[in-house]
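Trainee: Sharing a model that was predicted from the sequence below.
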Amino acid sequence: MSTRNTAPIGYAEYANAFFRAALMVDEKLGIEKGYETIAPIPVLYLIGHSIELSLKSYFLHKGVTEKDLGSKYGHNLIKAFDATKRRSFMQTNYM
């Protein structure tokens, strides 16, 4: 990866690309019978990866190193999301 790709903006750009890919896949697969109430698994995977990259972009922006990202959060979205709440990234009344 280049320096830009491992910077917060790079992660954010990748997150956006995965999100757009999810929308494109959903346009094709989501219209098939059986997907009236839930998105196809590939779409859910792409959305999940987009969320993960978005959270990692935030952490990098806040000074967390890539090494610490892997050791502290890995691919655990719940753990990463909880950490963003502790860092006041999100103010929610419903959780």
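Mentor: The structure has been received and is ready for your questions. Nothing here was measured: the structure is a model prediction, and the numbers come from that model.

Trainee: Could you pull up phi and psi at the residue of the chain positioned farthest from its centre?
Mentor: Of all residues in the chain, residue 33 has its C-alpha farthest from the mean position, at 27.4 Å, by Cα atoms, centre = their mean. Backbone torsions for residue 33, taken as degrees, to the nearest 10, come to phi -60, psi 140.

Trainee: same question, residue 74
Mentor: The phi and psi values for residue 74, taken as degrees, to the nearest 10, are phi 50, psi -120.

Trainee: ok, then the element right after the least confident helix or strand in the chain by mean pLDDT?
Mentor: Lowest mean confidence among the helices and strands of the chain (mean pLDDT, DSSP states H and E): helix 3-6, at a mean of 64. Counting by DSSP states H and E, the element after helix 3-6 in chain order, helix or strand, is helix 8-29.

Trainee: and the helix or strand following that following helix with helix 8-29, angle?
Mentor: Proceeding N to C from helix 8-29, the next assigned helix or strand is helix 41-61, under DSSP H and E. Here the directions of helix 41-61 and helix 8-29 differ by 170 degrees (axes from the mean of the first three to the mean of the last three Cα atoms, to 10 degrees).
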